[in-house]
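S.K.: sequence first, then the predicted structure, then my questions.
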Amino acid sequence: MQIENHKEEVPFAHYEERFSTLVPEEAAERTGVKWDGKEFYVNLLGREYAISHPVYALRALDGGVLPPLPVQTFLLRYLMESKEVAWAGEWKTFREMPWGEMYIKPYTGRVLTRAAFTFGTRLTAFRNAAEKWAQEL
């Protein structure tokens, strides 16, 4: 396969390759994700996905469109590196997470700067757009 998008395809290929060596029972216990012996079942933003193992294949249980590669990379990393943590009643910022610093610059560029450029000080327009987007999830 010829890689054309290095920002998305290279990280995805790296984690997809590593995924085959994952011990699924250990991952299921560590993350709290259901494992049926063939697939993991993950809920992401209200949508259910099945992820086969050892050969990675993702399917949306609602039959809808699959998420883009960065989201699939996130799911792979979640299964390989995350652990279940009880909700402590407060949100954390990227900077407070052990791996968070690597996401600050991309998040700032892709989300914060674009939102600031698009909406500026028009808070009502931003609120309306955010509410519309939330309804579509």
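M.R.: On my side now, so go ahead.
S.K.: so where do the strands sit in the chain?
M.R.: For the chain, the strands defined by DSSP state E occupy 34-35, 39-44, 47-52, 57-60.
S.K.: what's the closest of these to residue 136?
M.R.: Closest to residue 136 of the strands of the chain is strand 47-52 (Cβ to Cβ; 12.0 Å). (Glycine included, C-beta is placed from N, CA and C.)
S.K.: partner strands of the closest one, with direction?
M.R.: strand 39-44 (antiparallel), strand 57-60 (antiparallel) (DSSP bridges).
S.K.: which one of those strands is the most hemmed in?
M.R.: Of the strands paired with strand 47-52, the one with the most neighbours on average (mean count of other Cβ atoms under 10 Å) is strand 39-44, at a mean of 16.
S.K.: other residues contacting that one?
M.R.: Under the criterion Cβ atoms under 8 Å, 6 or more residues apart in numbering, residues 24, 27-28, 33-35, 48-53, 61, 67, 71, 75, 78-79 lie in contact with strand 39-44.
S.K.: what about the protein, any weak spots by pLDDT?
M.R.: 1-5, 84, 137 (pLDDT under 70).
S.K.: quick one: the helices in it?
M.R.: Under the criterion DSSP state H, helices of the chain are mapped to 9-19, 24-31, 69-81, 101-107, 113-119, 123-136.
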